[in-house]
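Colleague: Got a predicted structure plus its sequence, pasted below:
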Amino acid sequence: MRHAKSEWGDRGTRDFDRPINARGEAGAKLIATWIKREELEFDLVLASPATRVTQTIDQLEKNLDVALNPEWDRRIYLASSATLMDVLRSVEDDPQHVMMVGHNPGLEDLIFDLVPDDGTQELRDVVEQKFPTAALAVLELNIEKWSDIGNGEVAFTKLIRPRDMDASLGPQMDRR
């Protein structure tokens, strides 16, 4: 999952400390509603400690009414796909369902690196257009352990964006 829409208003704020804005709160709430409806569960949540990610997770927890107990990993902050792959390879005890919450372009590139560009996975094409804030991609990996990531078949099964649930949260909202 990519963090929710963040605030750019105060140019004196460090990138790491940027908070989510009202659109971000609304988007995270919608994604939480979708997660609940789809009955997704996560054995492990790996997350960047950047403010916009911590606040996204706060919104998810509030609206899911569950503690996600994320493992904060500084390596995820503005990481490349290769670094994100290393983070996933280092997961111990091989949990079945892992959610990573971070940033672009790393998350988008991770999808491109894992999902083959062979014309069979339509959702990959959607991500090529844009993987917007608060978007959640569900990938099913055919691997025995997380250290094998990148070496098995991958099915891109679901993609949800806030604008899929509420058109007013699309890119045109930024122009208001």
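Modeller: Here it is on my side, so go on. Numbering: from 1, shown residues only.
Colleague: Quick one: residues contacting the spatially closest residue to residue 8 that is not a sequence neighbour.
Modeller: What sits nearest to residue 8 in space, not counting adjacent residues and going by C-beta to C-beta, 6 or more residues apart in numbering, is residue 18, at 7.1 Å. Any C-beta I mention is one placed from the backbone N, CA and C, and that applies to glycine too. With contact taken as C-beta atoms under 8 Å, 6 or more residues apart in numbering, residue 18 is in contact with 6, 7, 8, 50, 51, 52.
Colleague: Okay, the closest residue to the second one other than its chain neighbours and residue 4: tell me how far apart.
Modeller: Take residue 7 and drop its neighbours on the chain: the residue closest to it by C-beta to C-beta, 6+ apart is residue 21, 4.4 Å away. With distances taken as C-beta to C-beta, to the nearest Å, residue 21 is found 8 Å from residue 4.
Colleague: likewise residue 157?
Modeller: Per C-beta to C-beta, residue 157 is found 22 Å from residue 4.
Colleague: Also residue 104?
Modeller: Distance from residue 104 to residue 4, counting by C-beta to C-beta: 13 Å.
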